[in-house]
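Engineer: any chance you can model this:
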Amino acid sequence: MPGTQEDIIAWAGIAKECYEEPEDVLLNPVPLIIEWNDDGLQQRLIPKTSVINTIQGVPGCQAFTRTDIATNADIQSESMFSVTDTCNSIKEQIAVDTITLLRETYGQQQNASFVLLKKIYLKL
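Structural biologist: The predicted structure is shown next:
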């Protein structure tokens with residue numbers, strides 16, 4: 001997962017800066033981290049961008065973006081997503097619904113020998 005370790009470190013730094021009081025943690029977005037099975041994606045001819053677009057199509061989910069210090073450019077993560085509350089749902093439910101959507105849309109199929117996602121990490 002290239003870049004994911006840097007994304008997690010950046011996420012922790014932002015959380016530490018922005019949410020100093022214990023009750024502020026409730027405002028903090030939930031991280032959703034995907035460990036991709038690139039062979040499975042290739043075998044089933046599913047572009048990673050399609051799965052990323054599915055995740056980002058869920059209200060409250062967006063790719064985590066960090067700023068590269070050297071270039072000052074924003075880098076959008078392919079593996080780490082930020083889940084926040086919406087008017088209609090709390091972030092924990094949105095995260096569970098997103099995982100369910102991924103299972104239903106891209107889950108193991110009868111004729112498929114490869115899974116697309118190795119693991120999904122969720123910190124509630």
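
Engineer: okay, CA-based contacts and neighbour counts for the rest of this
Structural biologist: OK.

Engineer: list the contacts for I46?
Structural biologist: By C-alpha atoms under 8 Å, 6 or more residues apart in numbering, no residues touch I46.

Engineer: sec struct for it, please.
Structural biologist: Here I46 is coil, with the state taken from DSSP: H, G, I helix; E, B strand; the rest coil.

Engineer: so N53 sits in a helix?
Structural biologist: Yes. When three-state DSSP is applied, N53 is found to be in a helix.

Engineer: give me the distance between it and I69.
Structural biologist: 27 Å (C-alpha to C-alpha, to the nearest Å).

Engineer: those two - which one has more neighbours?
Structural biologist: N53 (12 against 8; other C-alpha atoms under 10 Å).

Engineer: mind checking how far the more buried one is from T98?
Structural biologist: 12 Å.

Engineer: check the gap between N88 and I33 for me.
Structural biologist: 23 Å.

Engineer: who has more neighbours out of the two?
Structural biologist: More crowded of N88 and I33, by other C-alpha under 10 Å: I33, with 22 against 9.
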